[in-house]
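# sequence first, predicted coordinates after that:
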Amino acid sequence: MHRSLIQHLYLHIPFCHRVCPYCSFYKHTPGNTDMAAFVDAILNELTLHQRQLDLRPKTIYFGGGTPTALSRSHLTTLIHGLRQRLDLSDLQELCLEANPKTVSPAKATLLRDLGVTRVSLGVQAWDQPTLTLLGRDHAPDEATETFHILRDAGIPALNLDLMFSIPHQTLDIWTAGLHHSLSLKPDHLSCYNLTYEEDTDFLQRHQTGELDQNQDRDADHFGTTIDLLEAAGYEHYETSNFALPGRRSLHNQAYWQGADYLGLGPSASSTHQRTRWKNISDTTRYNELLSQNRVPIVESEDLTDNQWLMERIALELRTAEGLSLSRIAPSIAHWLPTLQTENLIHLTPTHLHLTREGKPLVDQIAETLIPEEPK
Ligand SMILES: C[S@@+](CC[C@H](N)C(=O)[O-])C[C@H]1O[C@@H](n2cnc3c(N)ncnc32)[C@H](O)[C@@H]1O
Ligand SMILES: C[S@@+](CC[C@H](N)C(=O)[O-])C[C@H]1O[C@@H](n2cnc3c(N)ncnc32)[C@H](O)[C@@H]1O
Ligand code: SF4
């Protein structure tokens, strides 16, 4: 039987020591979860998929949640388990998300010894009032310290995750945070505009008027981010992502380019030959299903051509490579001269790129370029 190749693997580790009020990813405190059973379950899930799929990962990404919430022995079992089951001769990136206070020097050294090539550190902000509003339990100094621990352990590439346009965050506060980030010389920076997500405390507090949204502040913070980071030598290669030359995230780039990927763990999603499926968002149930050798999938759909195209447009438009002109339907091509006259886009013979003026309007421009769903 011909088994198709998948080159990108995602593992969802749903544990956080404390749950942040703005975050809608599937996660929970470890509580009384049997961590050893969870590690067994996720390795078992991999084995089940290997009956159908030929997995030769170029990238492996541990997200969550907070993967570094796992103990050293569980991290070791998990990564050794992957090494035993997978052909890793093509592996170029093994990335793990971490947050401050979950990485001791011993854990950082272990990660390096296990072959981790990149750590993405969730810092979010560098000032105490913003960290307090975000419900983060680390102080600014502790994030700096964790960064140095990772550097000193010799992890090859480090990313910082930051969020901007948070209520009460002035442009000066955000800019000072960017300067502090740059002083650490990270390889990569992800800077996300705060969004109010479904089923979060923050959305409720936004709806009662306690937490505001401000488009001028969004645009000012984003524009300053682009100017400062580009001046410091970082490529703005995706709306929320900046990298030193040669330091882009290969895993995330594969998503944006439309590659197939397999996601393991509760709530993980996967895409294979235009079929997308999603795992159950319930760790206890996930562990139970896998202890019975049952796949933990709860939803699966075949993406229509139009769904696929809409997603390609939305994602490609966010990247420095730009949107392939072949994706633009004749029925909407008449928008291009207008967008050009407004200096929002720049066209090459093959691609459409956002200009500096167009970048903050990425979502509106994507809407203009996506054809309406046929009725
Ligand atoms: C799933 S989290 C994992 C990182 C890690 N657990 C941490 O927070 O320290 C990935 C990133 O998504 C971003 N994020 C989460 N919720 C967000 C929101 N509501 N708006 C914007 N960015 C958000 C944060 O920057 C966060 O670091
Ligand atoms: C918001 S991005 C942050 C990337 C980070 N800025 C970096 O450059 O490494 C990562 C988050 O997206 C989610 N995620 C990524 N791939 C996923 C997948 N296949 N299934 C479910 N969630 C996924 C996870 O919650 C993960 O923590
Ligand atoms: S932002 Fe990170 S630490 Fe906070 S709840 Fe979400 S996954 Fe956990």
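Looks like it arrived, so ask away. Ligands and ions are numbered 1, 2, ... in the order given.

# can you pull the phi/psi pair for residue 19?
Phi and psi for residue 19, reported as degrees, to the nearest 10, are phi -100, psi 120.

# isn't residue 225 up against residue 192?
No: if you go by C-beta atoms under 8 Å, residue 225 and residue 192 don't touch, sitting 10.3 Å apart. Bear in mind the C-beta positions are built from the backbone N, C-alpha and C, glycine included.

# these two: who's more crowded?
residue 225 (22 against 14; other C-beta atoms under 10 Å).

# mind checking the SS state of the spatially most central residue of the chain?
The centroid of the chain falls nearest to residue 252 when counting by C-alpha atoms, centre = their mean (6.7 Å). Recorded secondary structure, residue 252: helix (DSSP: H, G, I helix; E, B strand; the rest coil).

# shared neighbours of residue 225 and residue 192, anything?
residue 164 (C-beta atoms under 8 Å, 6 or more residues apart in numbering).

# any stretches of the stretch 101-250 of the chain with poor pLDDT?
By pLDDT under 70, the stretch 101-250 of the chain has no low-scoring segment.

# related to what we said a few turns ago, what's the pLDDT at the residue nearest to the centre of the chain?
For residue 252, the model assigns a pLDDT of 98.

# so who does it touch?
If you count contacts by C-beta under 8 Å, 6+ apart, then residue 252 has 61, 238, 241 around it.

# quick one: it from residue 194, how far?
Distance from residue 252 to residue 194, counting by C-beta to C-beta, to the nearest Å: 19 Å.

# how about residue 98?
From residue 98 to residue 194 the distance is 21 Å (C-beta to C-beta).

# same drill for the two, tell me which one is more crowded.
Taking neighbours as other C-beta under 10 Å, residue 98 and residue 194 compare with residue 98 leading, 29 against 21.

# need the residues of the stretch 51-200 of the chain near ligand 2, please.
63, 64, 95, 97, 120, 159, 161, 190 (C-beta under 6 Å from any ligand atom).

# excluding sequence neighbours, find me the nearest residue to the third one.
If I follow you right, that is residue 95. residue 118 (4.0 Å; C-beta to C-beta, 6 or more residues apart in numbering).

# and that neighbour, how many neighbours does it have?
Using other C-beta under 10 Å, residue 118 is surrounded by 22 other residues.

# what's across from it in the sheet?
residue 95, residue 157 (DSSP bridges).

# contact partners for residue 103?
For residue 103, the contact set (C-beta under 8 Å, 6+ apart) comprises 68, 111, 119, 146, 149, 150.

# that one belongs to a helix?
No: counting by three-state DSSP, residue 103 falls outside a helix, being coil.

# could you give the bridge partners of residue 243?
Bridge pairing for residue 243 (DSSP bridges) gives the partners residue 188, residue 235.

# is stretch 136-153 anywhere near ligand 3?
No: using C-beta under 6 Å from any ligand atom, we find that stretch 136-153 stays clear of ligand 3, coming within 7.4 Å at best.

# check the offset of that stretch from the chain's centre.
20 Å (C-alpha atoms, centre = their mean, to the nearest Å).
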